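Colleague: Sequence plus predicted model, see below.
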Amino acid sequence: MNKTINFKTFKTFLQLILLVVSVFGFSQTPVTYVANPSDAGINSALQGNNVVISGGTLNFGSRADQIATFTGGVAAALQMDNGVFFGTGTVAKLLTTNNTPNSTDFIKNSGTFTDADLTAIDATATRDVVSYSFTVTLGPKATTLNIRYQFGSEEYPDYVGTKYDDAFGFFVTGPGISGTANLARLPNNSPTSINKVNFGTPGFKTAAGGPVAAYDGSQSALYINNGHNTNVSLGKLVQNTNPGPFPVAVQFNGITKLITYSLSGLTPGGTYNFKIVIADAGDASLDSGIFIDNIYATATLAANNDTYTIVSGSTSTTSVLNNDSVNGAAPASLSDVFLSQVSTTNTGVNLDPLTGKINVAAGTPAGTYTVTYQICDQTFTSNCKTATATIT
């Protein structure tokens, strides 16, 4: 019996297996979207916890072509399930699977538009602009405004390191803010753009002298390659041919992971003017877009460690909340936070969540024990802080 394997046949079989794995491993479907949404539709999709979003003005751009509300983001492998999309191309093309390395839509009658806040970031960001303004009113205990988003572009990866650094911003003014704040930032506080978050290697179109000064390749952990080439030649990526696979069902060659940015020190109950604006920079070719999850507000919590000496069979005289604070005011109040025990190193030593005091059961051996506890914002229960009480 001949057991010799034909290498050519085996190679073909292996390629078939890899193709099947690729198809089933990346079988996401594009989002379901509604183009040309009303102001109320946009605001409702942006509405998060502990804020009221109202008003609405389209400063520039095509509502029908460049804005959409969407659902089914998780099925498309976005890191949010629903929200609002703003793009420098048409939603019909950008909210589809990646089928070309160079998608460009020239928005009809768009011309150029100068937004002073955006051109302060990039003076050439004046093409295919879409800009939308509204107001955000914080809840009565909220001091921090939060936004979650993903940014994608067809400028990736070829134009990383060049002047074609498509720009966008989430601009906010109001009580407690000096001038205008931009929430469209990375965790390291850099503005989010093609040159600030990318694969980590300059693109094929980078000039012979090297990338522009604004280039930063250190934030690649925040970047998702959505089908482009990764081979490097002469210190930059080879020209993109869109080989795949395409893990996210959007047109963009690259997209950031979900980014959360927070602005603190705001006034509880305050009303803020908010503007979303995005534009192509340098020219109108190759489109970019932003997916926005929602805008929400939180209180500023601080949980600090505690130290107690307690006789077995007794209870602490003070609450762990005494040196914790909400919006800088101590003690934290059970009318503002939920209190819970996370863990204890002795089952006889426990936190009473109704009083914040530590109980030591009778017969508990002498020693030093710890109780870890958590306080959570009642208006946004995902906003939590943890501390440890040490009990002797």
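Modeller: Structure received. Residues are numbered from 1 along each chain as shown.
Colleague: What are the buried residues along the lengthiest strand in the chain?
Modeller: Ordering each strand of the chain by length in residues (DSSP state E) puts strand 125-138 first. Within strand 125-138, the residues that qualify as buried are 125-132, 134-138, counting by 16 or more other Cβ atoms under 10 Å. (Each C-beta comes from the backbone N, C-alpha and C, glycine too.)
Colleague: what helices or strands is that strand leaning on?
Modeller: With contacts defined as 3 or more Cβ pairs under 8 Å, 6 or more residues apart in numbering; DSSP states H and E, strand 125-138 has these neighbours: helix 39-46, strand 51-60, strand 83-87, helix 116-119, strand 271-281, strand 288-298.
Colleague: For the third one, give me every contacting residue.
Modeller: Which is strand 83-87. 31, 33, 37, 42, 45-46, 66-70, 73, 91, 94-95, 130, 132, 168, 276, 278, 287-294 (Cβ atoms under 8 Å, 6 or more residues apart in numbering).
Colleague: for residue 93, what are its contacts?
Modeller: By Cβ under 8 Å, 6+ apart, the neighbours of residue 93 are 103, 105, 251, 287.
Colleague: which element is it on?
Modeller: In this assignment (DSSP states H and E), residue 93 forms part of helix 91-94.
Colleague: Distance from the chain centre to that helix, please.
Modeller: The chain centroid and the centroid of helix 91-94 are separated by 21 Å under Cα atoms, centre = their mean, to the nearest Å.
Colleague: Report the mean confidence score over that helix.
Modeller: What helix 91-94 shows for mean pLDDT is 95.
Colleague: got the buried residues for that helix?
Modeller: Neighbour-count burial for helix 91-94 [16+ other Cβ under 10 Å]: 91, 93, 94.
Colleague: what's the distance between residue 150 and residue 335?
Modeller: Distance, residue 150 to residue 335, by Cβ to Cβ, to the nearest Å: 36 Å.
Colleague: typed the wrong thing, it's residue 250
Modeller: 44 Å.
Colleague: Same drill for the two, tell me which one is more crowded.
Modeller: residue 250 (27 against 8; other Cβ atoms under 10 Å).
Colleague: For residue 328, see how far away that one is.
Modeller: Separation of residue 250 from residue 328 (Cβ to Cβ): 41 Å.
Colleague: distance between the ends of stretch 180-188?
Modeller: 19 Å (Cα to Cα, to the nearest Å).
Colleague: Show the backbone phi and psi for the spatially most central residue of the chain.
Modeller: The centroid of the chain falls nearest to residue 259 when counting by Cα atoms, centre = their mean (2.1 Å). Main-chain torsions, residue 259, degrees, to the nearest 10: phi -110, psi 130.
Colleague: start at 37 instead
Modeller: All set: I'll call the first residue 37, so the last point we hit is now residue 295.
Colleague: Isn't residue 141 up against residue 125?
Modeller: Yes. Applying Cβ atoms under 8 Å, one finds residue 141 in contact with residue 125, separated by 3.5 Å.
Colleague: Look at residue 137 and report its pLDDT.
Modeller: Residue 137 is given a pLDDT of 85.
Colleague: what phi and what psi does the backbone show at it?
Modeller: Dihedral angles for residue 137 - degrees, to the nearest 10 - are phi -80, psi -10.
Colleague: For it, give its distance to residue 192.
Modeller: Taken as Cβ to Cβ, the span from residue 137 to residue 192 is 10 Å.
Colleague: Just want to know which of the two has more residues nearby.
Modeller: Using other Cβ under 10 Å, the more surrounded residue of residue 137 and residue 192 is residue 192, with 30 against 19.
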